[in-house]
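In: this one's sequence-less:
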């Protein structure tokens, strides 16, 4: 069984693993074209999400409330990511 420190380390390693996917795509393919700012924004979004989920896991005791807050955080991440990628809401921050 994993102790709390190992769970936290695993949670914060996940964004790094996810960011390796576009990094490898940048290195080995011409179809992936991420700039340094793309990596910075993605890293900020992913690490903020992990931090907020970690806070929810530590502060909220009722399991059902924990799940709802985590779903809300993940849904917010997905909506922001989609807006930055393709501009589904038509904001000034929309993607290409």
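Out: Sure thing, it's come through. Remember, predicted model here, so these are calculated numbers, not experimental data.
In: Quick one: the strands in this protein, in order.
Out: Chain-ordered strands for the chain, with DSSP state E as the definition, do not occur.
In: for it, what spans make up the helices?
Out: Counting by DSSP state H, the chain has these helices, from start to end: 4-28, 36-59, 63-86.
In: For residue 93, which of those is the nearest?
Out: Closest approach to residue 93 among the helices of the chain (CB to CB): helix 63-86, 6.0 Å. All C-beta atoms are positioned from the backbone trio N, CA, C, and that covers glycine.
In: OK, contacts around residue 39?
Out: With contact set as CB atoms under 8 Å, 6 or more residues apart in numbering, residue 39 has these partners: 19, 22-23.
In: quick revisit: got the helices of the chain as TSV, with distance to residue 94 columns?
Out: Rendered in TSV, the data for these read as follows (distance: least, CB to CB, whole Å):
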stretch	distance to residue 94
helix 4-28	19
helix 36-59	13
helix 63-86	6
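In: Reformat those helices as a markdown table; add mean pLDDT and distance to residue 93.
Out: Below are the helices of the chain laid out as a markdown table (pLDDT from 0 to 100; distance: least, CB to CB, whole Å):
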| stretch | mean pLDDT | distance to residue 93 |
| --- | --- | --- |
| helix 4-28 | 92 | 19 |
| helix 36-59 | 95 | 10 |
| helix 63-86 | 95 | 6 |
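In: out of the contacts of residue 39, which are buried?
Out: With burial judged by 16 or more other CB atoms under 10 Å, the buried subset of the contacts of residue 39 is 19, 22.
In: how about residue 34, phi and psi?
Out: phi -100, psi 140 (degrees, to the nearest 10).
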